[in-house]
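*Asks:* okay, here's the prediction I keep looking at, along with the sequence it came from:
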There are 2 protein chains.
Amino acid sequence: MEPLFEIELETPIQGSRHSGRSLYGQLKQAIQDGRLAAGTQLPPSRQSASLFGLSRNTVADVYERLANEGLAVARRGSGTFVADLPSEPTSTPSPASTYRLNAFWLQDDTTAAMGFWRDDSPTVPHGAAPIDFRPALIDPRLFPFDVYRRVSAKQLRGLEKKPASYKSPQGNQGNFYLREAITNHIALTRAVVCRPDDVVVTAGAQQAFDLLARVLVTSGETVVVVEDPGYPPMRVAFAAAGARIVPVGVDEEGLMVDTLPADVGVICVCPSHQFPLGVTMSKRRRAALVEFARRHGAVIVEDDYDGEFRYGSNPLQSLRAEDRADVVFYVGTFSKCMLPSLRLGFVVVPDWARRTLVAAKNCLDWHCSTPLQTGVSAFMSEGHLAHHVRKMRQLYKARRQLLLDLLKRHFHDLLEPIPSQYGIHVAAYARRGVDLDAAVQALVDTPVKIHTLGRYYLRPASRAGLVFGYGAVEASDIERGLAALHAVLTNEAGSGP
Amino acid sequence: MEPLFEIELETPIQGSRHSGRSLYGQLKQAIQDGRLAAGTQLPPSRQSASLFGLSRNTVADVYERLANEGLAVARRGSGTFVADLPSEPTSTPSPASTYRLNAFWLQDDTTAAMGFWRDDSPTVPHGAAPIDFRPALIDPRLFPFDVYRRVSAKQLRGLEKKPASYKSPQGNQGNFYLREAITNHIALTRAVVCRPDDVVVTAGAQQAFDLLARVLVTSGETVVVVEDPGYPPMRVAFAAAGARIVPVGVDEEGLMVDTLPADVGVICVCPSHQFPLGVTMSKRRRAALVEFARRHGAVIVEDDYDGEFRYGSNPLQSLRAEDRADVVFYVGTFSKCMLPSLRLGFVVVPDWARRTLVAAKNCLDWHCSTPLQTGVSAFMSEGHLAHHVRKMRQLYKARRQLLLDLLKRHFHDLLEPIPSQYGIHVAAYARRGVDLDAAVQALVDTPVKIHTLGRYYLRPASRAGLVFGYGAVEASDIERGLAALHAVLTNEAGSGP
C-alpha cells in the first residue's frame, strides 16, 4: 500500500500486462464505494505512472476512461478530479423529490432560533483567541476534569456487577442516586424542596423543554407564552410540538403578567435571572403569575438555568416553592454549573404529571446515559459540585464587578446596564442615539463576539441593547473587549478606555 | 444528630422545658418538607422518649398533635406513621384536575409496548439469580470496563483544552471523530459504505426512531408500516408523532411486501435478523421492497440492532447498500455490541434528508453527551470494539448452538425453532396442541423469565411461540432454564431433560 492515495490500493507487479486494468478497476471501485470522495484530485499521471510502474499514457488512458464513465472530471490545466457519483437511473422518482419531510425543522425561524450560538464570525484574524461575550457560555478550562475523571471511573467500576437491565427512564436509582443528589443540590442552592421521586433526569434543559412540550402541548391548540425577549431554543421546542406561541413582554419586574392571554396553557419564564435581560421577577409579580395560572388552569415552566450564581443578598424563592408545586415545572441544568457538553439536566415535576412525563421520556430515549449519571451523581454527592460552584461564584462575581465598573466608568453615555442579581451575563440598554447594530457589525472581523438584544426578540425589539456574557471571558479580556467596543461605539478606532 | 431518624434532628438538652415543642416542631417541618416521607413509621414513643430525654407522655402528646393536624396517622397496635401530605386548600381548581396532558403517553397500548422489558415477575424466590431469556438483553459483566474506563479517561483529558462551545448536533468531529469510527465499524461488520457526513449520532436506537418519526411523519396523515410481530417501542415512537400505524405480516422470507398498503410513507423493517422471529429477509424480497418504496415514494427504516453477530456463511448486504442510499435510513446501536446503558446509537441518513434530521436532533437535545462520544469513539478506533465483538460472537455462537441442540434433542415434539443467522436470540413456534401460555404462566414464580411471541404481535398472534434470548444467560443456565421449561411443558414438575 502506498500513502499517495489515502485509500488502500494494491501496487501491481511492475510490467504486468494487467496493470492498467487493475488501476482502473481499483479506482473505479473506490469511487463507487465512496472511498474516494467527490472532488478529490487524482494524482498527476506522471506520479501515478511512476508509482504503479505504468507508462504515463496508460495512466492517462485510465483517467480518460473514468472520465468517460462519469466517474472523474478532467479540468484543463489543473488535473483530474473524482466526479459526483452519477445518480443511478431509476424507473421512478427518488424520494428526494417526492417525500414530504416535516417542514418545521428547516423553516427560517427555526434555524435562526437554534443557530443561536452558532458562530457568526468564524474567522478570527491572525489566530487571535476570541473574546466571546455571548451569553450562557462557560469556560470549560476551569472545570476540575481530574476530579470528574476520578469519580466517574470509580462509579463506572460499580456498573460491572449489575445484572442485565434497562434502567429507569426517570434517572438513576439505588447506589448511584443522581435524583437524590439533585434534590440535595437544589435544596441547598435554590431552596427547592422536593423528593427524588419528583425529579426526571434529562439530556440537558433542551430535552426537558422538548419533553414538556410533548406532554403539555396539544398540537394546534395549546397556547404557550414565552418571554419576549427570551431564550429562542426553548420556544422552538414548544413550536415543534405544535404549540401556538404567544410572546409576552418583560419589564423591570419580569414577565408582564397583566398582558397574558386568557387562553394560555403553558407559561415559560426565567424568574430568577430573565434571559437575556437579567431581571429578577418581583415578589408581587410572582404571586400574580401563580394566581393567574391557577385561575386559568395553566401551568408554568420555570427555567432556572444559572440560579446557582447569585450575588445579591436577598434571595427570592424559586417559583417552584412548596406551595406552588402543583402548577410549576422546574427545569435545571448542569450546563452552567458543570459543562454544557455533558448534556445533563432535569425537571422537577408536579405529582399529577409525573407518570406522563416519565412515560414520554421512556419513549424518547429510554433514559439518560448511565455512566454519565453515575459520574455526575458521584461528583455531586462527594461535594465537588458545591466546591466548584463556590469557586466559580467568586470568579464570576469578580468578572461581573469589573464589567459593571468599566461600563459605569467608560460607557455612561452609551449604555445603561440592567440590574441583575444572578448568573453569568449582564445586559445593557443603549442610550438614545447610540447605534449598536453598526458597532456590532464593525466588530464582526475582530476577536470580539457580542450579541445585541435584538437577536433574542421574537417581535421587533422594543429597546436596543447588548448582552455581556462573562462565563468564557477572563478579566483581562473583559478589559480588552470593552476597549474595542468603546472604540467602535465612539468611532475612535484604535483608541478606547 | 441521632441515626434513629434518617433525617437530621437536634437532640434537645435533657430537661429543657421546650423539648416537647421542639420535637414537635422539627417533626412537623420534616414532614411538611417531605424529608419524612408518607408511610414512614415514627419510632415507638418509648424509644423517642429515651432519645430526646422526654417522658413517654410528652412524646405521645407530640404524636397525637401531629395526628390531629393530619400530618401523622396512628394505627392501632402497629404505631404512628407519617400521613400523606394534606393538600393545600386553593381558591381555584388545581391543574391536576383541569390541565389536559397529551393522553398518548399513558394509553394502555403505549405503556404495554414500552413496558416491554419491565419485569413481570420481580420476585425470584429464595434469592436465586434469574435465568433471563428475554431477548435483546446482554450480560454487562462480560464488557471490558477496565479498557473502557481507561480510554474514556484519556479522551476526557483532551476536552480540557477545548474552547467554550456547544458541539455539532450531528455527532463528534475533529480529534474525537465518533462519526468516522462508526463508518469504519459498519463498513467492516455490515458492509455499509457511507461517509461520516451521512451519520447522525443518537441516544440509542430509540432516539433514532423518535427523531425519524418527527422528521418523516406528518401527524394524522403518514402511514407507517411496522412488522407484525415486531419491536413494540419502535412502533410507539412513530405513533407518538401521529403516524397511522399499519401492521404487516412476516413469513420465512421476511416482511410480506405483497401486502404493503399503497399509501404507505414509512416502512420499518429488521432485514438482517427480524425481531423477534429471527428470519433474514430474502434477496428477492429485499429487491421487491426497495422497488415498492421507490415506486410509491416511500422510505425504509432499517433497524440493524444486532447485525454484528452473524453466524451463517452467506451474508446478505444490508438494505442500505450504496444503490439504495436514497430510500433507506439505517439505524444502528451500541446497546448490543457494547452496553445498553450507554444510550448510544446512530442513523445513516440519505443525503436529501440529512439537514432536516440534524436540525431536529439539535432541537431535541443539542447533541449527545461529548464525554460519552469521545469514550466510545476511542474504544472503537483503538480496536477494542472489534475485539469485543469477536469475543462475544464466539461466546454467543456457543450458547446458540447449545440452545439449538437442546431444543432439537428434548423439545422436538413441543417446539420448532425458526432458522436464523444473526443475533442474540432464537425464536421457536409451538407445535400443534402445545399450551405455551400455561407453561409461561407456570414459570412466573421461578427464576426463569421467558417471553411468548404473542407479546410482540400488534394483531392477534398468527402462531404461538417462544423467544429465547441468550445474551444474558450462561451455558449452564441455558441447560437449567430449558429443563425447567420442559418440566412445565410436559407437566412433570421437578423432572426434565
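*Replies:* Structure's in. What do you need? Numbers count the residues shown, from 1 in each chain, chains lettered A, B, ... in the order given.
*Asks:* enumerate the residues of the stretch 151-300 of chain A near chain B.
*Replies:* A:152-153, A:156-157, A:159-167, A:193-195, A:202-204, A:206-207, A:210, A:214-219, A:233, A:236-237, A:240, A:242, A:265, A:293-295, A:297-299 (Cβ under 8 Å from any Cβ of the partner chain). Using the backbone N, CA and C atoms, a C-beta is placed for each residue, glycine as well.
*Asks:* of these, which belong to strands?
*Replies:* Of those, the ones assigned to strands by DSSP state E are A:Thr202, A:Gly265, A:Val299.
*Asks:* and the gap between the second one and A:Thr222?
*Replies:* Using Cβ to Cβ, to the nearest Å, one obtains 4 Å as the distance from A:Gly265 to A:Thr222.
*Asks:* shared neighbours, those two?
*Replies:* A shared contact of A:Gly265 and A:Thr222, defined by Cβ atoms under 8 Å, 6 or more residues apart in numbering or on different chains, is any residue touching both; here these are A:Leu216.
*Asks:* what about the helices in the stretch 201-350 of chain A?
*Replies:* Assigned helices in the stretch 201-350 of chain A, in chain order: A:204-216, A:232-240, A:283-296 (criterion: DSSP state H, counting those that start in this stretch).
*Asks:* ok, the stretch 351-497 of chain A next?
*Replies:* Ranges of helices within the stretch 351-497 of chain A are A:351-365, A:370-381, A:384-410, A:436-442, A:475-489, based on DSSP H, counting those that start in this stretch.
*Asks:* sorry, back to before: how about CSV for the ones in strands among the residues of the stretch 151-300 of chain A next to chain B, with neighbour count added?
*Replies:* Listed next are these as CSV, based on neighbours: other Cβ atoms under 10 Å in any protein chain shown:
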residue, neighbour count
A:Thr202, 29
A:Gly265, 23
A:Val299, 23
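*Asks:* out of the residues you listed, the closest to A:Gln29 would be?
*Replies:* If you rank these by distance to A:Gln29 using Cβ to Cβ, A:Thr202 comes first, at 45.7 Å.
*Asks:* let me know the distance separating the nearest residue to A:Thr111 once chain neighbours are set aside from A:Ala113.
*Replies:* Distance criterion Cβ to Cβ, 6 or more residues apart in numbering or on different chains; nearest residue to A:Thr111, sequence neighbours excluded, is B:Ala359 at 6.4 Å. Taken as Cβ to Cβ, the spacing of B:Ala359 relative to A:Ala113 amounts to 11 Å.
*Asks:* returning to what we had before: so of the helices of the stretch 201-350 of chain A, which one's packed in deepest?
*Replies:* Between the helices of the stretch 201-350 of chain A, the one whose residues have the most neighbours on average, counting mean count of other Cβ atoms under 10 Å in any protein chain shown, is helix A:204-216 (a mean of 27).
*Asks:* still on that earlier bit, just the closest of the ones in strands among the residues of the stretch 151-300 of chain A next to chain B to chain B, please.
*Replies:* Comparing those against chain B with Cβ to the nearest Cβ places A:Val299 closest, at 5.4 Å.
*Asks:* pull the contacting residues for that closest one.
*Replies:* If you count contacts by Cβ under 8 Å, 6+ apart, A:Val299 has them with A:Leu216, A:Gly265, A:Val266, A:Ile267, A:Ala293, A:Val327, A:Val328, A:Phe329, A:Pro350, B:Pro95, B:Tyr99.
*Asks:* which ones are touching the fourth one?
*Replies:* This points to A:Ile267. Contact partners of A:Ile267, counting by Cβ under 8 Å, 6+ apart, are A:Val224, A:Val225, A:Leu255, A:Leu260, A:Leu289, A:Phe292, A:Ala293, A:Ala298, A:Val299, A:Ile300, A:Val301.
*Asks:* quick one: end-to-end distance for stretch A:189-206.
*Replies:* 21 Å (Cα to Cα, to the nearest Å).
*Asks:* that stretch - what's its average pLDDT?
*Replies:* Averaging pLDDT along stretch A:189-206 gives 92.
*Asks:* ditto for stretch A:300-318
*Replies:* Averaged across stretch A:300-318, pLDDT comes to 85.
*Asks:* can I get that stretch as PDB, trimmed to CA atoms?
*Replies:* Output for stretch A:300-318, consisting of C-alpha atoms alone and laid out as PDB, is shown next (Å, rounded to 0.1, in the frame of the first residue of the first chain):
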ATOM      1  CA  ILE A 300     -45.700  27.400  34.500                       C
ATOM      2  CA  VAL A 301     -42.300  26.200  33.100                       C
ATOM      3  CA  GLU A 302     -39.600  27.700  35.300                       C
ATOM      4  CA  ASP A 303     -36.200  27.800  33.600                       C
ATOM      5  CA  ASP A 304     -33.600  28.200  36.300                       C
ATOM      6  CA  TYR A 305     -30.500  27.900  34.100                       C
ATOM      7  CA  ASP A 306     -27.900  29.700  36.200                       C
ATOM      8  CA  GLY A 307     -29.600  30.200  39.600                       C
ATOM      9  CA  GLU A 308     -26.500  28.800  41.400                       C
ATOM     10  CA  PHE A 309     -24.700  32.000  40.800                       C
ATOM     11  CA  ARG A 310     -26.400  34.600  43.000                       C
ATOM     12  CA  TYR A 311     -24.600  37.800  44.100                       C
ATOM     13  CA  GLY A 312     -27.400  39.700  45.800                       C
ATOM     14  CA  SER A 313     -28.200  39.400  49.500                       C
ATOM     15  CA  ASN A 314     -32.000  39.000  49.400                       C
ATOM     16  CA  PRO A 315     -32.800  35.800  47.600                       C
ATOM     17  CA  LEU A 316     -36.300  35.200  46.400                       C
ATOM     18  CA  GLN A 317     -37.700  31.700  46.500                       C
ATOM     19  CA  SER A 318     -37.800  29.800  43.200                       C
END
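*Asks:* and the pLDDT at the residue nearest to A:Thr111?
*Replies:* For B:Ala359, the model assigns a pLDDT of 95.
*Asks:* that one contacts A:Ala112, correct?
*Replies:* No. Counting by Cβ atoms under 8 Å, B:Ala359 does not reach A:Ala112; the two are 11.4 Å apart.
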